[in-house]
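>>> I would like the atomic coordinates for the input below:
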Amino acid sequence: MGLFRFSRQFYNLYLSSDRLLARHIKDITGFTPVNLDCFKLAFYHKSHPEAQDVLNNNERLEFLGDAILSSVVANYLYKKYPSDDEGFLTQMRSKIVKRDTLNDIGQKMGIAFLLKELNSTKLSKSMLGNAVEALVGAIYLERGYAKTEKFIVKNILRRMLDIHELEATNDNFKSQLLEYCQKNGKTVEYELVSKYKMDKRDRFKVKVVIDGEKYGNGDDFNKKSAEQMASEQALMKIGILSDQISTNGQRLTFEPQ
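Next comes the predicted model:
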């Protein structure tokens with residue numbers, strides 16, 4: 001098995017027609033894939049002409065990677081913050097695994113290069129976060145849970161994020177707006193204005209309505225992201241865009257192994 005793995009890695013890195021892809025993946029992950037086709041699939045977006053079939057795009061790997069990433073992050077935070085409650089841990093996990101954070105991580109990792117190489121469609125930032133999750137799924141299939149967890153902790157949580165900066169950040173604009181409306185007895189609704197195609201992908205335009213009056217709108221490939229954009233506009237219009245969440249006192253933290 002060891003000889004097969006070594007020979008396959010050698011072939012993928014030096015002899016395969018996809019050797020440049022293998023080398024770039026190695027730069028990101030720290031190892032040469034054995035099953036290079038699986039990793040290649042992680043960067044095929046469904047908008048690609050040859051990836052319309054569910055088995056020929058990265059959505060299934062994205063589904064798998066999303067679950068694994070969430071599990072690893074939960075375990076990491078549980079160990080790092082031994083004295084904090086479930087609400088804080090849930091909020092921190094949401095900040096880490098949300099689309100915008102994963103998009104930024106994908107950019108820092110150099111995933112944009114792979115997406116450009118393997119997709120003939122116009123790239124959007126949201127594709128970066130999807131590819132990060134799909135990459136995690138591919139690593140899990142090849143290396144197993146323990147090594148995938150090590151990769152996530154070392155290469156994402158410690159290298160790509162400032163956890164303590166995230167503690168003091170609250171950019172969940174929809175949650176802030178809902179809280180404001182509840183406290184002030186106002187009704188708030190999110191309405192889908194239109195759903196249309198752009199670069200062969202679904203795009204959503206939404207508006208947020210407070211007491212029957214439009215306060216903001218958003219337009220994005222992801223409906224939740226569009227709602228966040230609309231909420232941010234509403235908070236700015238109201239003039240109560242909340243300050244960043246401040247931490248109460250000193251937190252007792254440990255660096256999980």
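
>>> would you say residue 204 is within a helix?
No - looking at residue 204 with DSSP: H, G, I helix; E, B strand; the rest coil, it is strand, so not inside a helix.

>>> Neighbours of the residue nearest to it when sequence neighbours are not counted, how many?
Excluding its sequence neighbours, the residue lying closest to residue 204 (C-beta to C-beta, 6 or more residues apart in numbering) is residue 223, at 4.4 Å. (Glycine included, C-beta is placed from N, CA and C.) Applying other C-beta atoms under 10 Å, we find 17 residues neighbouring residue 223.

>>> domain assignment for the chain?
2-167, 173-238 (automatic domain parsing).

>>> follow-up on the earlier one: can you list phi and psi of the residue nearest to residue 204 for me?
Note on residue 223: backbone dihedrals following degrees, to the nearest 10 are phi -60, psi -40.

>>> Do I have it right that it meets residue 194?
No - in this structure residue 223 lies outside contact range of residue 194 using C-beta atoms under 8 Å: 11.6 Å.

>>> Identify the contacts common to these two.
Here residue 223 and residue 194 have residue 204 as joint contacts, going by C-beta atoms under 8 Å, 6 or more residues apart in numbering.

>>> ok, residue 221 - contacts?
124, 126, 198, 201, 202, 203, 204.

>>> what ranges of the stretch 151-257 of the chain fall below the confidence cut-off?
Residue ranges of the stretch 151-257 of the chain with pLDDT under 70: 199, 242-257.

>>> what helices or strands is the helix or strand hosting residue 150 leaning on?
Per DSSP states H and E, residue 150 falls inside helix 145-151. Under the contact definition 3 or more C-beta pairs under 8 Å, 6 or more residues apart in numbering; DSSP states H and E, helix 145-151 sits against helix 59-80, helix 126-143.

>>> who touches that helix?
For helix 145-151, using C-beta under 8 Å, 6+ apart, the contacting residues are 29, 30, 68, 72, 75, 136, 139, 140, 143.

>>> and if you look at stretch 61-70?
Contact with stretch 61-70 is made by 38, 41-42, 93, 97, 130-138, 140-141, 145, 148, 152, as judged by C-beta under 8 Å, 6+ apart.

>>> roughly how far out does that stretch sit from the chain middle?
Chain-centre distance of stretch 61-70: 10 Å, with C-alpha atoms, centre = their mean, to the nearest Å.

>>> Thank you kindly, that will do.
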